[in-house]
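Novice: Next one to model:
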Amino acid sequence: MTRYKATISYDGTLFAGFQRQTKVRSVQEEIEKTLERLNSGVPVKIHGAGRTDSGVHAYGQVIHFDLPQARDAERLRFGLDSQLPEDIDVVAVEQVGDDFHARYNKHSKTYEFLVDNGRPKNPMMRNYATSYPYPLDLSLMQEAIKDLEGTHDFTGFTASGTAVENKVRTITRATVNQDSKTGFLVFTFSGNGFLYKQVRNMVGTLLKIGNGRMPVSQIKTVLESQNRNLAGPTAAGNGLYLKEIIYED
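Specialist: Below is the predicted model of the structure:
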């Protein structure tokens, strides 16, 4: 068997998420169906670096899969790209060693979250930026977001129902800025891993801080208390993008 690593992007609007699920459309299922056609009807299972939820987008999701014989990487990329639905794009394909695993090899992820703070909102971006049509103080959010950097137990920013026991993660970069062209707020988070709905919960809390309904110190309070009830609401998934995954050598 020959192992391949692929970087893919997708518009998550019409997907129930990355992972295959029963009776709903998923990114994993679409790619596996296409690989099966390219592999003469033999099923092929893909493994992703992580899951994305319903409506969440990706610029740089990474997957790996095995095929029974070696293929030219660019021809394989083109074959996948030309047969997949239009809301999935295969950015790159490369052959890798059998020890590579998209999920378990050490890596860092970067997520972006777009917020449309316009009044009225931009209807053309309704699937690609989360609307928040209330006053926001950017400087308050920029002050508070720095408290997320470093190694912390993020229990207070995790959705209930997660099966992960160890909720300690390291965030190496946490910023929020306003795009000069669109006016959208751009939240950026880089780290060694993120928990279920963690990014959306962090953004929801920061928006409340920016709106003056929570103090700047609320991030520290949630981290120290590990109490989800003290954090803000979960921001909608349509503004979230898995931007990049970088593997360590």
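
Novice: Hmm, residue 116 and residue 125 touching each other?
Specialist: Yes - the pair residue 125 and residue 116 qualifies as a contact (CB atoms under 8 Å) at a distance of 5.8 Å. Glycine gets a C-beta too; all of them are placed from N, C-alpha and C.

Novice: Which neighbours do the two have in common?
Specialist: Jointly contacting residue 125 and residue 116 under the rule CB atoms under 8 Å, 6 or more residues apart in numbering are residue 184.

Novice: For these two, indicate the residue with more neighbours.
Specialist: Ranked by neighbour count (other CB atoms under 10 Å), residue 125 and residue 116 place residue 116 first, with 23 against 17.

Novice: With adjacent residues omitted, what lies nearest to the more buried one?
Specialist: residue 129 (4.2 Å; CB to CB, 6 or more residues apart in numbering).

Novice: Count the residues that sit near the one you found.
Specialist: 25.

Novice: ditto for residue 154
Specialist: By other CB under 10 Å, 23 other residues sit near residue 154.

Novice: cool, and residue 27?
Specialist: Neighbours of residue 27 under the rule other CB under 10 Å: 28.

Novice: and it, what is it in contact with?
Specialist: Going by CB under 8 Å, 6+ apart, residue 27 touches 8, 10, 12, 15, 17-18, 52, 61, 88.

Novice: Was I right to think the residue nearest to residue 116 contacts residue 186?
Specialist: No - judged on CB under 8 Å, residue 129 makes no contact with residue 186 at a distance of 9.6 Å.

Novice: Common neighbours of these two, please.
Specialist: residue 114.

Novice: one step back: what pLDDT does the residue nearest to residue 116 get?
Specialist: Per-residue pLDDT puts residue 129 at 97.

Novice: Repeat that for residue 108.
Specialist: pLDDT at residue 108 comes out at 97.

Novice: Does it touch residue 194 like I think?
Specialist: No - if you go by CB under 8 Å, residue 108 and residue 194 don't touch, sitting 10.4 Å apart.

Novice: ok, these two, which is more surrounded?
Specialist: More neighbours surround residue 194 than the other of residue 108 and residue 194, with 21 against 16 (other CB under 10 Å).

Novice: That one: which element?
Specialist: Using DSSP states H and E, residue 194 falls within no helix or strand.

Novice: While we're on residue 58, how confident is the model there?
Specialist: With respect to pLDDT, residue 58 scores 98.

Novice: Could you chop this structure up by domain?
Specialist: 2-96, 108-247 (automatic domain parsing).

Novice: just so I know, which of these lies nearest residue 102?
Specialist: Closest to residue 102 of these, according to CB to CB: domain 2-96, at 4.4 Å.

Novice: Return the backbone torsion pair for residue 232.
Specialist: Phi and psi for residue 232, reported as degrees, to the nearest 10, are phi -80, psi 180.

Novice: got the contact list for residue 223?
Specialist: For residue 223, the contact set (CB under 8 Å, 6+ apart) comprises 147-148, 152-154, 156.

Novice: Out of those, list just those in strands.
Specialist: Per DSSP state E, strands hold the following members of these: 152-153.

Novice: Adding pLDDT and distance to residue 133, write the contacts of residue 223 out as JSON lines.
Specialist: What follows is the contacts of residue 223, written out as JSON lines (pLDDT from 0 to 100; distance: CB to CB, whole Å):
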{"residue": "147", "pLDDT": "98", "distance to residue 133": "26"}
{"residue": "148", "pLDDT": "98", "distance to residue 133": "25"}
{"residue": "152", "pLDDT": "97", "distance to residue 133": "31"}
{"residue": "153", "pLDDT": "96", "distance to residue 133": "33"}
{"residue": "154", "pLDDT": "97", "distance to residue 133": "28"}
{"residue": "156", "pLDDT": "96", "distance to residue 133": "27"}
